[in-house]
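A.B. asks: Model the structure of this input:
(chains A and B)
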Amino acid sequence: MTQNIIEIDDDSFEEKILKSDKPVMVDFWAPWCGPCKAIAPTVDALEKEYGNDMTFAKVNVDENPICPSKYGVQAIPTLIFFKNGEIVDQITGMVAKEKLEETIKGVL
Amino acid sequence: MTTTDYDLVIIGAGPAGLTAGIYAARARMNVLLLEKAAPGGQILITDWIENYPGFPEGISGYDLAEKMRLQAVEIGLEIETAEVQCLNVSGDVKEICLKEKTITAKSIIIASGASPRNLEVGEEKFVGKGVSFCATCDAPFFRNKTVVAVGGGDTAVQETIFLTKFVDKVYLVHRRDELRATKILQERAFENDKIDFVWDSVVTGVEGFFGVEGVKVKNVKTDEEKVLKADGCFIWIGILPNTSFLGDVIETDEWGFIHVNTHMETSVPGIFAAGDVRSTPLRQITTAVGDAAIAALSAEHYIENM
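C.D. replies: Residues are numbered from 1 along each chain as shown, chains lettered A, B, ... in the order given. From the prediction side, this is the model:
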């Protein structure tokens, strides 16, 4: 995991995500979720490519129950894209790298 | 002899693709493994595997996938993340079109696997909002709640038992009056008092506003319909082959699974298939890795005799 993917918790969500100047991709994950671990290298690779234009963040849903439930996250991995505090796109489940990259480009 | 980018391109990095890659790399073939998402395939959405020999305590799907991937990488297998868009296989040089380039190979092993089948009763809009195909991903969101599970095969019964670690109650809806799952799983399910069996029934709809609130089921013998109050609906009613890139160049069965002979050869010379994507009476990790070893050997022989 690169250090450029920031760890967010229930307390820092508003400050780091909703008030961010840049678009943000939030990866809702948990340590028990195999597919979440499996897509992590893909997310890392995309962060290296798009990290200057988009903030990459992750929320451990086990430790932070409030923000997943606020956004209706009932499945992981779920990736939610925020721009100016609003949801602009969302991906649930394992997804092809190219689909994810397309979504990032669409958000930017 | 014609030159190509690779001797062999393998499509899909589930157990079949990774195994074919291990065999081909050990045979010192010039081989590339393409995977659209992440190595592991369907075992990534399997919570616990206890019918793959060598792991007497069982092993998590993710851990087994990771071990297979590591073994392949250690041998020097090249794995690229890219989705195959189409194949052009009319000549000796096979073309594999990706989004940004086309690569060529002397032979191809299709190990693209299969994906869970939808109910097609309008549940799609609730995927990620209560409808799920993956207990190991989503079960903890339904702690102390009631859910519906659909299906009667190994996957349905195994994953339903896993759900009971979290939920208060699970209705297992099955269209027949007996399960198809292997006996040891049936025994565990019948002993589990969190599981309520809803026999002879099919799901006809999923109800809810923001998320799932109820699942409508119909008894196929009496036509009686009722709504099971539930916060989630887990669907395990079989799989469909991942073959959208194939076109109609290769012979398949009526469901789209690829026909092969005992050497894993498809109807097109130089193209082989292994694992869940092929027409086969049993889809397991054990059968996928067996197919893959044969497919890799067949590909090697095919190239030697070109």
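
A.B. asks: can I assume residue A:77 is in contact with residue B:136?
C.D. replies: No - taking Cβ atoms under 8 Å as the definition, residue A:77 is not a contact partner of residue B:136, at 11.9 Å. No exception for glycine: its C-beta is placed from N, CA and C like everyone else's.

A.B. asks: shared neighbours, these two?
C.D. replies: Each of residue A:33 lies in contact with both residue A:77 and residue B:136 under the rule Cβ atoms under 8 Å, 6 or more residues apart in numbering or on different chains.

A.B. asks: who's more crowded, those two?
C.D. replies: Summary of the neighbour comparison: residue A:77 and residue B:136, criterion other Cβ atoms under 10 Å in any protein chain shown, with residue A:77 having more neighbours (26 against 22).

A.B. asks: show me the contacts for the nearest residue to that one once chain neighbours are set aside.
C.D. replies: Distance criterion Cβ to Cβ, 6 or more residues apart in numbering or on different chains; nearest residue to residue A:77, sequence neighbours excluded, is residue A:36 at 4.5 Å. Listed by Cβ under 8 Å, 6+ apart, the contact set of residue A:36 reads A:27, A:29, A:30, A:76, A:77, B:137.

A.B. asks: what about residue A:36, helix or strand, and which?
C.D. replies: Using DSSP states H and E, the secondary-structure element containing residue A:36 is helix A:34-50.

A.B. asks: List the residues that contact residue B:247.
C.D. replies: B:86, B:87.

A.B. asks: Surely it forms part of a strand?
C.D. replies: No - using DSSP: H, G, I helix; E, B strand; the rest coil, the secondary structure at residue B:247 is coil, not a strand.

A.B. asks: any idea how far it is from chain A?
C.D. replies: The gap separating residue B:247 from chain A is 19 Å, by Cβ to the nearest Cβ, to the nearest Å.

A.B. asks: Retrieve the pLDDT associated with that residue.
C.D. replies: With respect to pLDDT, residue B:247 has a value of 88.

A.B. asks: ok, now residue B:267?
C.D. replies: 97.

A.B. asks: which residue sits closest to it, ignoring its sequence neighbours?
C.D. replies: Closest residue to residue B:267 apart from its sequence neighbours, by Cβ to Cβ, 6+ apart: residue B:251 at 3.9 Å.

A.B. asks: Check residue A:104 too.
C.D. replies: The shortest distance from residue A:104 to any residue other than its chain neighbours is 5.4 Å, reached at residue A:50 (Cβ to Cβ, 6+ apart).

A.B. asks: residues contacting the one you found?
C.D. replies: Here residue A:50 is in contact with A:56, A:104, A:108 (Cβ under 8 Å, 6+ apart).

A.B. asks: again, but for residue B:68
C.D. replies: So residue B:68 contacts B:15, B:18, B:19, B:22, B:39, B:40 (Cβ under 8 Å, 6+ apart).

A.B. asks: same thing but at 10 Å, please
C.D. replies: B:13-15, B:17-19, B:21-22, B:39-41, B:43, B:285, B:289 (Cβ atoms under 10 Å, 6 or more residues apart in numbering or on different chains).

A.B. asks: Could you do residue A:80 as well?
C.D. replies: A:17, A:24-28, A:57, A:59, A:67-68, A:71-73, A:87-92.

A.B. asks: ditto for residue B:239
C.D. replies: B:42, B:113-117, B:133, B:153, B:155, B:255, B:257, B:276-277, B:283.

A.B. asks: gap between the nearest residue to it once chain neighbours are set aside and residue B:279?
C.D. replies: Distances taken as Cβ to Cβ, 6+ apart put residue B:114 closest to residue B:239, at 3.8 Å, once the chain neighbours are dropped. Applying Cβ to Cβ, to the nearest Å, the value for residue B:114 to residue B:279 is 11 Å.

A.B. asks: Which neighbours do the two have in common?
C.D. replies: With Cβ under 10 Å, 6+ apart, residue B:114 and residue B:279 have common neighbours B:241, B:255, B:256, B:257.

A.B. asks: now, the most widely separated pair of these?
C.D. replies: B:241 and B:255 (7.0 Å; Cβ to Cβ).

A.B. asks: Tell me which of those two has more neighbours.
C.D. replies: Neighbours per residue (other Cβ under 10 Å) separate residue B:241 from residue B:255, with residue B:241 holding more: 22 against 12.

A.B. asks: where does chain A dip in pLDDT?
C.D. replies: A:1-3 (pLDDT under 70).

A.B. asks: residue ranges of the helices in it, please?
C.D. replies: A:13, A:34-50, A:66-70, A:97-107 (DSSP state H).

A.B. asks: now those helices as TSV including distance to residue B:53?
C.D. replies: Listed next are those as TSV, based on distance: least, Cβ to Cβ, whole Å:
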stretch	distance to residue B:53
helix A:13	46
helix A:34-50	21
helix A:66-70	38
helix A:97-107	32
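
A.B. asks: Compare these and report which one is nearest to residue B:141.
C.D. replies: Comparing those by Cβ to Cβ, helix A:66-70 comes nearest, at 8.1 Å.

A.B. asks: Which ones among the contacts of residue A:80 lie within strands?
C.D. replies: When those are checked against strands (DSSP state E), the matches are A:24-28, A:57, A:59, A:87-92.

A.B. asks: Please report the number of neighbouring residues for residue 35.
C.D. replies: Assuming you mean chain A. Based on other Cβ under 10 Å, the number of other residues close to residue A:35 is 25.

A.B. asks: That was the other one, I meant chain B.
C.D. replies: When neighbours are counted by other Cβ under 10 Å, residue B:35 registers 26.

A.B. asks: Can you tell me the closest non-neighbouring residue to it?
C.D. replies: residue B:13 (3.6 Å).

A.B. asks: re earlier: for PyMOL, what selects the buried ones among the contacts of residue A:80?
C.D. replies: Here is the PyMOL command that selects only those of the contacts of residue A:80 that count as buried (16 or more other Cβ atoms under 10 Å in any protein chain shown):
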select buried, chain A and resi 17+24+25+26+27+28+57+59+67+68+71+73+90+91+92
